[in-house]
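Engineer: Sequence first, predicted model second:
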Amino acid sequence: MDDLDKKILELLQDNSRLSITEISKTINLSRPSVSERMTRLIDEGIIEQFTTIIPPAKIGHGVSFFVEISSIKVPVEKVVELLKQNPHVTEIHCVTGTINYVVKVSMPGISMMNIFLTELMKYCHVVTSVILHSPIPHRNLKPL
């Protein structure tokens with residue numbers, strides 16, 4: 001990955017709706033060259049998807065929280081599958097340390113959160129942290 005690839009990635013992270021023409025003009029490279037580079041970045045898995053970031057509260061998800069999962073009482077795959085099937089679970093991370101997983105969830109309210117946690121506690125120990133506010137809700141990583 002060279003400096004032009006890095007610049008394309010930075011531009012797309014700032015605005016994934018940029019056209020190839022706009023990127024071409026910004027970095028002073030032909031449209032076919034930009035298109036070829038973008039195709040390669042996609043093929044190599046450097047660009048996984050083009051997406052939109054929406055604040056959960058703006059679409060009815062009034063409470064977001066992290067769940068630390070440990071002391072799993074059933075096969076791990078069962079817990080992971082249960083989490084994957086829940087559309088309110090936005091992230092699942094297997095981590096090192098005293099816990100097994102950190103999960104990020106966004107739900108309409110506390111009552112639904114309680115139902116979710118009560119079900120989850122049948123399978124493992126949970127520690128929950130409600131997100132009060134996020135000084136950096138999302139940050140783009142710049143290529144090194």
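Structural biologist: Arrived safely, thanks for sending.
Engineer: who's sitting farthest from the centroid in this protein?
Structural biologist: Using Cα atoms, centre = their mean, the residue of the chain lying farthest from its centre is S30. It sits 32.1 Å away.
Engineer: Next, the contact list for it, please.
Structural biologist: The contact partners of S30, by Cβ atoms under 8 Å, 6 or more residues apart in numbering, come to S24. Just so you know, the C-beta spots here come from the backbone N, C-alpha and C atoms, and that holds for glycine as well.
Engineer: Grab the nearest non-local neighbour of the spatially most central residue of the chain.
Structural biologist: Centroid check for the chain by Cα atoms, centre = their mean gives E91 as the closest residue, at 6.0 Å. Among residues not flanking E91 along the chain, K104 sits closest, at 4.0 Å (Cβ to Cβ, 6 or more residues apart in numbering).
Engineer: Tell me which helix or strand that neighbour sits in.
Structural biologist: When elements are assigned from DSSP states H and E, K104 belongs to strand 101-107.
Engineer: Surely N140 touches Q13?
Structural biologist: Yes - shown here, N140 and Q13 form a contact pair, counting by Cβ atoms under 8 Å, at 3.9 Å.
Engineer: which of those two has more neighbours?
Structural biologist: A direct count of neighbours by other Cβ atoms under 10 Å for N140 and Q13 places Q13 higher, at 14 against 10.
Engineer: any idea how far the residue farthest from the centre of the chain is from V102?
Structural biologist: With the distance defined as Cβ to Cβ, to the nearest Å, S30 ends up 44 Å from V102.
Engineer: and if you look at R37?
Structural biologist: 35 Å.
Engineer: quick one, which of the two is more surrounded?
Structural biologist: In this view R37 and V102 are compared by other Cβ under 10 Å, and R37 has more residues nearby, 21 against 17.
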